[in-house]
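A.B. asks: need a 3D model of the following:
(one chain, ligands or ions: 1)
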Amino acid sequence: MFQKFLTGKTAVITGSNSGIGLGVAEELARAGADVVLNSFTDRDEDHALAEKLGKEHGVTARYIKADMSKGDECRALIEQAGACDILVNNAGIQHVAPVDEFPTEKWDAIIAINLNSAFHTTAAALPLMRAAGWGRVINVASAHGLTASPYKSAYVAAKHGVVGLTKVTALETAEEPITANAICPGYVLTPLVEAQIPDTMKKYNMDRDEVVRNVMLARQPSKEFATVQQLGGTAVFLCSAAADQITGTTISVDGGWTAL
Ligand code: NAD
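C.D. replies: Prediction:
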């Protein structure tokens, strides 16, 4: 239904050489958008990933290195992209520790990459969206943007901050053809999550199914992971005309987590 309706639009997706960011980039490209992939590395395989994606979907796909922990590099990413009709703030990291033992450098890195980067890229992208007369800001927050878990103080603080930033961005652009929303995933099956399964099986002496159901998805009532394709599809929907009046809100893709 959404076939190629984003032809001529440029999407910049931060943290998109793997996982959810790559999945979102792929679905936006499938819908016809030119895409800019990003991470902090500058390997041949990063550029090859963009080339493959571009060829597969018949769009222009580029990879631009920029470290989302650094404000000037966040802004330079948007500048180098040249156009940014769709901004997906997705880059993120995690660290788990009790608040009184949380290493300050980990706190600072999580706030910088998961929250501050979205401020810098949004600030740089809004003038381009205004000049183009259309724009979408899509922030990948988390169920942890709406609820909390112990030992994730920096992550939960950053993701709640992202939801707040989303609301302010939406209010400041409310009378323009620009929307800002946050997608709040529950547990998503990414290569990183998949890689944790064997160790967790050993640790708890459980089979794969038990680990997934009782450990990883303990708080996800559907007992199924969300997929990167579903998150990409949600981003594509937010870019559609059906979503023109959806702004300043959160869309949970969490199998019922936040209904509990
Ligand atoms: P991932 O580790 O596969 O992806 C994170 C991406 O961010 C990677 O491309 C990585 O290279 C990039 N990145 C990390 N540090 C960076 C930096 N300094 N500069 C630029 N890029 C950087 O993880 P993911 O699960 O795909 O996570 C993507 C987003 O989704 C994150 O914001 C995460 O908090 C959020 N999220 C993930 C889940 C989940 O279950 N996987 C659930 C809710 C929210």
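A.B. asks: can you list the residues of this protein near the ligand?
C.D. replies: 15-21, 39-40, 67-69, 90-93, 113-114, 140, 142, 185, 187-188, 190, 192-193 (C-beta under 6 Å from any ligand atom). Heads up, the C-betas are built off the backbone N, CA and C, glycines and all.
A.B. asks: out of those residues, which are buried?
C.D. replies: Among the residues of the chain next to the ligand, those classed as buried by 16 or more other C-beta atoms under 10 Å are 15-21, 39-40, 67-69, 90-93, 113-114, 140, 142, 185, 187-188, 190.
A.B. asks: looking at those, which are in helices?
C.D. replies: Applying DSSP state H to these, the entries found in helices are Gly19, Ile20, Gly21.
A.B. asks: between those, which is closest to the ligand?
C.D. replies: Gly19 (2.2 Å; C-beta to the nearest ligand atom).
A.B. asks: now the strands for the stretch 51-200 of the chain?
C.D. replies: All strands of the stretch 51-200 of the chain, identified by DSSP state E, counting those that start in this stretch, fall at 61-65, 86-89, 135-140, 178-185.
A.B. asks: who are the packing partners of the shortest one?
C.D. replies: Translated: strand 86-89. strand 10-13, helix 19-30, helix 117-132, strand 135-140, helix 228-239 (3 or more C-beta pairs under 8 Å, 6 or more residues apart in numbering; DSSP states H and E).
A.B. asks: quick one: mean pLDDT over the last one.
C.D. replies: If I follow you right, that is helix 228-239. For helix 228-239, mean pLDDT is 98.
A.B. asks: ditto for the second one
C.D. replies: If you average the pLDDT over helix 19-30, you get 98.
A.B. asks: can you tell me which of the strands of the stretch 51-200 of the chain comes nearest to His47?
C.D. replies: Among the strands of the stretch 51-200 of the chain, strand 61-65 comes nearest to His47, with 4.8 Å by C-beta to C-beta.
A.B. asks: highest mean neighbour count out of the helices and strands packed on strand 86-89?
C.D. replies: The highest mean neighbour count among the helices and strands packed on strand 86-89, using mean count of other C-beta atoms under 10 Å, belongs to strand 10-13: a mean of 28.
A.B. asks: which residues does it contact?
C.D. replies: For strand 10-13, contacts defined as C-beta atoms under 8 Å, 6 or more residues apart in numbering pick out 21, 24-25, 28, 33-38, 77-78, 81-88, 90, 121, 125.
A.B. asks: let's see 6 Å
C.D. replies: 21, 24-25, 28, 33-36, 81, 83-88, 90 (C-beta atoms under 6 Å, 6 or more residues apart in numbering).
A.B. asks: with adjacent residues omitted, what lies nearest to the closest residue to the ligand within the stretch 51-200 of the chain?
C.D. replies: Nearest residue of the stretch 51-200 of the chain to the ligand (C-beta to the nearest ligand atom) works out as Gly92 at 2.3 Å. For Gly92, ignoring the flanking residues on the chain, the nearest one in space by C-beta to C-beta, 6 or more residues apart in numbering is Asn114 at 4.6 Å.
A.B. asks: Tyr155 too?
C.D. replies: Here the residue nearest Tyr155, using C-beta to C-beta, 6+ apart, is Gln94, at 5.4 Å.
A.B. asks: returning to what we had before: might one say that the residue nearest to Gly92 is in contact with Ala158?
C.D. replies: Yes. Judged on C-beta atoms under 6 Å, Asn114 makes contact with Ala158 at a distance of 3.7 Å.
A.B. asks: so where's this protein uncertain?
C.D. replies: 1-2 (pLDDT under 70).
A.B. asks: center of this protein - which residue?
C.D. replies: For the chain, the residue sitting closest to the mean C-alpha position, by C-alpha atoms, centre = their mean, is Asn90 at 2.6 Å.
A.B. asks: surely it is in contact with Gly21?
C.D. replies: Yes. In this structure, Asn90 is within contact of Gly21 by C-beta under 6 Å, at 4.1 Å.
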